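Trainee: okay, predicted coordinates and the sequence, questions at the end:
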Amino acid sequence: MLVFYLLLDIYSPRLVGGIKTKIQQEQFETLKGSEEIIKRQAEETIRQKAIDVARQVDLFLAAHPRATRSSLRQDGEFREIAVQPVGKTGYTAIHESEGRARNLIHKSPKVENTDLQDLAAAIPQFWSIVAAGTGGKSAAGFYQWREPNGTFREKYMFIMPVARQTADGARLSVAATTYIDEFLAPVRGVAAISRTATEDILKYTDNLLGSFLLQGFVLLILTALILTTWAVFTGRYLSGAIRDLRRATREINHGNYAFRVIPRMSGDVHDLMNDFNVMANSLETTTVSKDRLEESQAKLRSILDFLPDPTFAVNHAGEVIFWNRALEEMTGVAGEAVLGKGEMAYAVHFYGKRRPMLVDYVLNPGILREESYTDFKREGEVVIAEGYVQIPRDGQMFLWGKASPIYDSVGKVIGAIQSVRDITERRHMEETIRQMAYYDTLTGLPNRKLLADRMVMAQAQAERSSRKAAVVYMDLDGFKEVNDVYGHEVGDRLLREVGSRISEVLRKADTVARVGGDEFVLILPDLKDDGDARTIAAKVLSCLQKTFFLGPCEITITTSLGFTLYPDDGADPDILIKNADAAMYRAKQAGKNTYRYYRD
């Protein structure tokens with residue numbers, strides 16, 4: 001029995017030490033294998049983040065073809081795309097992938113516009129990765145980053161080039177980097193817990209063996225069983241957690257962003273799985289939402305593309321972002337030829353020159369309105385107008401147009417959309433109806449209805465300027481004989497020629513109207529006295545004395561005129577016309593081919 005105690009006392013430390021060494025070796029191998037798996041997953045996460053951000057930057061440059069390095073640095077939306085979180089403290093940044101690799105967008109603005117090559121001496125591993133990623137290539141690797149307290153921590157960085165260049169010719173790359181130990185911390189925490197538990201159990205066992213040698217053998221067996229059970233449980237538990245994380249990583253890499261792991265028990269392993277789920281939520285938000293947005297935009301373009309009304313849209317910078325099929329058919333210009341163009345280039349296809357269109361009045365309400373619009377109005381932020389355009393392929397058209405703002409999800413105006421409609425035929429019908437209502441069908445001169453309007457305008461002008469207006473009544477001498485000798489067709493042609501000659505000698509503000517048969521009435525505004533009226537009457541007499549050549553017919557005809565003045569001879573339009581008619585008859589009685597003033 002004493003020998004047994006002696007042997008137990010001698011060999012129990014060796015036995016405990018051997019068990020401790022074996023467990024520590026198993027723990028070390030398990031930890032090493034787990035760290036390698038997590039490290040590969042971390043590398044893949046960082047790589048995927050760089051690829052995702054590079055794709056988002058490429059899409060942004062496609063939507064903003066005029067973007068330069070300077071404008072990108074000032075664009076808040078682009079900065080949100082460029083700088084995104086990686087892990088807990090990591091981030092993405094953008095630098096030029098040529099030369100000294102100048103920083104363009106960084107989490108810390110104070111290091112922007114500096115060269116990454118300046119870090120070559122202090123962090124050679126870092127610069128070697130950046131240098132390998134220049135010239136449009138991807139690169140990756142580990143490097144030691146010096147902390148403010150002087151210690152070094154290992155980081156991993158992946159560099160992904162951006163497919164498109166900026167408007168000023170710069171090639172860009174996205175760098176994603178973070179500390180590797182952030183991914184390894186939960187696993188190392190679990191290993192530390194396991195080591196501490198093992199140390200405690202072995203220490204407790206050793207104490208029991210030293211205190212109770214009599215029960216040492218039994219306790220040794222029990223301790224071995226407990227320790228073995230604990231080691232098996234810890235290893236299986238840790239292995240199960242790692243298997244779950246590996247499966248989740250594969251699911252997300254295959255595009256299943258909704259996959260989540262179920263946290264096991266509690267402690268650091270539980271926290272690690274929760275951290276993974278948080279990362280998956282963020283990835284689903286930034287990637288799936290973007291894919292859904294692109295899908296929604298594609299559906300919207302398809303809907304707009306089949307609208308019957310020609311439609312186009314511009315962004316907040318006035319660059320074309322949409323040009324539908326109906327507009328391609330109207331203008332003969334394909335959408336690819338105008339997409340991305342700004343500075344009112346789209347107006348060239350309507351007016352032959354750069355000028356504001358309705359979308360410009362939506363985005364810039366203060367700009368001066370063009371005179372070509374015949375009916376321009378605003379209904380809140382919507383602009384509606386009509387007007388003539390000069391389509392290069394089809395010539396002049398009369399279009400109706402409507403433009404309204406485009407808002408983002410928070411109500412900010414990010415562009416404008418305009419639809420147009422060809423209403424040329426309707427316009428021609430309206431003009432024809434107006435022509436029939438206000439103009440003489442034979443000569444095209446104003447009729448009695450339009451004459452009354454011009455009379456009112458001339459009287460109002462005379463009152464404002466304290467000047468006079470004349471009403472002239474004229475009748476062709478011997479017109480009945482022309483009809484009898486040459487026929488009514490020649491007589492009609494003569495009336496048209498008479499109206500044309502009178503119009504040529506009158507001022508722009510004057511009006512000549514045909515009121516019936518061979519009778520005409522002239523309205524002469526802005527006169528000083530009857531002397532001005534006499535001068536114009538003499539010009540009319542003179543122009544009609546020249547021979548009219550109407551095909552084979554040569555016709556000479558004269559006219560008699562009578563005029564009266566407003567306000568000297570009356571204010572009522574009908575009275576003025578009667579006074580002028582009476583004066584005209586006195587001119588005929590005086591031998592024709594002359595004029596008379598009402599007061600003569």
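Mentor: Received it, and whenever you're ready, just let me know what you need. Worth saying up front: this structure is predicted, and the values here are computed from it rather than measured.
Trainee: could you find the closest non-adjacent residue to residue 592?
Mentor: Nearest non-adjacent residue to residue 592, counting by C-beta to C-beta, 6 or more residues apart in numbering: residue 477, 4.5 Å away. (Each C-beta comes from the backbone N, C-alpha and C, glycine too.)
Trainee: go on, residue 510?
Mentor: residue 524 (5.3 Å).
Trainee: for the residue nearest to residue 592, what are phi and psi?
Mentor: phi -90, psi 120 (degrees, to the nearest 10).
Trainee: same check on residue 319?
Mentor: The phi/psi pair for residue 319 (degrees, to the nearest 10) is phi -100, psi 140.
Trainee: now do the strands in the stretch 401-550 of the chain.
Mentor: 413-422, 468-477, 511-516, 519-527, 548-550 (DSSP state E, counting those that start in this stretch).
Trainee: can you spell out which helices and strands pack onto the second one?
Mentor: Read it as strand 468-477. helix 448-465, strand 519-527, helix 530-544, strand 558-566, helix 573-589 (3 or more C-beta pairs under 8 Å, 6 or more residues apart in numbering; DSSP states H and E).
Trainee: can you check the first one too?
Mentor: In this structure, strand 413-422 packs against strand 311-315, helix 325-331, helix 358-363, strand 395-407, with contacts taken as 3+ C-beta pairs under 8 Å, 6+ apart.
Trainee: which strands or helices does the shortest one pack on?
Mentor: Contact here means 3+ C-beta pairs under 8 Å, 6+ apart; on that basis strand 311-315 packs against strand 320-323, helix 325-331, helix 358-363, strand 413-422.
Trainee: how about a cut-off of 6 Å?
Mentor: For strand 311-315, the helices and strands in contact under the criterion 3 or more C-beta pairs under 6 Å, 6 or more residues apart in numbering; DSSP states H and E are strand 320-323, strand 413-422.
Trainee: which non-adjacent residue is nearest residue 504?
Mentor: Counting by C-beta to C-beta, 6+ apart, the residue nearest residue 504 is residue 543, at 7.1 Å.
Trainee: ok, residue 568 next?
Mentor: Nearest non-adjacent residue to residue 568 (C-beta to C-beta, 6+ apart): residue 468, at 6.8 Å.
Trainee: what sits against that neighbour?
Mentor: 462, 527, 565 (C-beta atoms under 6 Å, 6 or more residues apart in numbering).
Trainee: in the sheet, who's paired with it?
Mentor: Bridge pairing for residue 468 (DSSP bridges) gives the partners residue 527.
Trainee: so how far is residue 584 from it?
Mentor: The gap separating residue 468 from residue 584 is 19 Å, by C-beta to C-beta, to the nearest Å.
Trainee: next: residue 528.
Mentor: Using C-beta to C-beta, which is the criterion applied here, residue 528 is 23 Å from residue 584.
Trainee: the more surrounded of those two?
Mentor: residue 584 (24 against 9; other C-beta atoms under 10 Å).
Trainee: contacts only, for the residue nearest to that one when sequence neighbours are not counted.
Mentor: Spatial nearest neighbour of residue 584, chain neighbours left out: residue 562 (3.2 Å); criterion: C-beta to C-beta, 6+ apart. Taking C-beta under 6 Å, 6+ apart, we find residue 562 in contact with 473, 580, 583, 584, 587, 596.
Trainee: per-residue confidence for the residue nearest to residue 504?
Mentor: Here the pLDDT value assigned to residue 543 is 96.
Trainee: thought it was touching residue 505?
Mentor: Yes - using C-beta atoms under 6 Å, residue 543 is in contact with residue 505, at 5.0 Å.
Trainee: now the contacts of residue 562 in CSV, with distance to residue 156 and pLDDT?
Mentor: Shown next, in CSV, are the contacts of residue 562 (distance: C-beta to C-beta, whole Å; pLDDT from 0 to 100):
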residue, distance to residue 156, pLDDT
473, 101, 98
580, 101, 96
583, 106, 97
584, 105, 97
587, 108, 96
596, 108, 97
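Trainee: so can I have JSON lines of the residues you listed showing distance to residue 324?
Mentor: What follows is the contacts of residue 562, written out as JSON lines (distance: C-beta to C-beta, whole Å):
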{"residue": "473", "distance to residue 324": "59"}
{"residue": "580", "distance to residue 324": "60"}
{"residue": "583", "distance to residue 324": "65"}
{"residue": "584", "distance to residue 324": "63"}
{"residue": "587", "distance to residue 324": "66"}
{"residue": "596", "distance to residue 324": "67"}
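Trainee: can you classify residue 261 as helix, strand or coil?
Mentor: Following DSSP: H, G, I helix; E, B strand; the rest coil, the label given to residue 261 is coil.
Trainee: quick one: stretch 21-33 to chain centroid distance?
Mentor: Put simply, stretch 21-33 sits 59 Å off its chain's centre (C-alpha atoms, centre = their mean, to the nearest Å).
Trainee: check which residues of that stretch are buried.
Mentor: Neighbour counts over stretch 21-33 (16 or more other C-beta atoms under 10 Å) mark 23, 26, 27, 30, 31 as buried.
Trainee: return the member of these nearest to residue 403.
Mentor: residue 31 (65.6 Å; C-beta to C-beta).
Trainee: per-residue pLDDT of that closest one, please?
Mentor: In this model, residue 31 carries a pLDDT of 70.
Trainee: what strand or helix carries it?
Mentor: Remark: residue 31 resides in helix 2-63, with elements defined by DSSP states H and E.
Trainee: next one: that helix to chain centre, how far?
Mentor: That offset, for helix 2-63, works out to 51 Å (C-alpha atoms, centre = their mean).
Trainee: what helices and strands are in contact with it?
Mentor: On the basis of 3+ C-beta pairs under 6 Å, 6+ apart, helix 2-63 makes packing contacts with helix 76-82, strand 152-161, strand 172-179, helix 181-211, helix 216-253.
Trainee: tell me, which of the ones you listed is the model least confident about?
Mentor: Note on those: helix 216-253 shows the lowest mean pLDDT, a mean of 67.
Trainee: check the average confidence over stretch 505-519, would you?
Mentor: Mean predicted lDDT for stretch 505-519 stands at 95.
Trainee: hang on, the earlier thing: the residue nearest to residue 584 bridge partners, please.
Mentor: Bridge pairing for residue 562 - DSSP bridges - gives residue 473, residue 596.
Trainee: which residue, other than its chain neighbours, is closest to residue 334?
Mentor: residue 328 (5.7 Å).
Trainee: residue 563 too?
Mentor: residue 472 (4.3 Å).
Trainee: over to residue 97?
Mentor: residue 173 (3.9 Å).
Trainee: cool, residue 271 as well?
Mentor: Closest residue to residue 271 apart from its sequence neighbours, by C-beta to C-beta, 6+ apart: residue 186 at 6.2 Å.
Trainee: same question for residue 90.
Mentor: In space, and not counting its chain neighbours, residue 90 is closest to residue 178: 2.2 Å by C-beta to C-beta, 6+ apart.
Trainee: can you pull up the bridge partners for the one you found?
Mentor: Under the criterion used (DSSP bridges), residue 178 bridges to residue 156.
Trainee: re the thing from before, quick one, which of the helices and strands packed on strand 413-422 gets closest to residue 277.
Mentor: Within these, the stretch nearest residue 277 is strand 395-407; the backing value is 34.0 Å (C-beta to C-beta).
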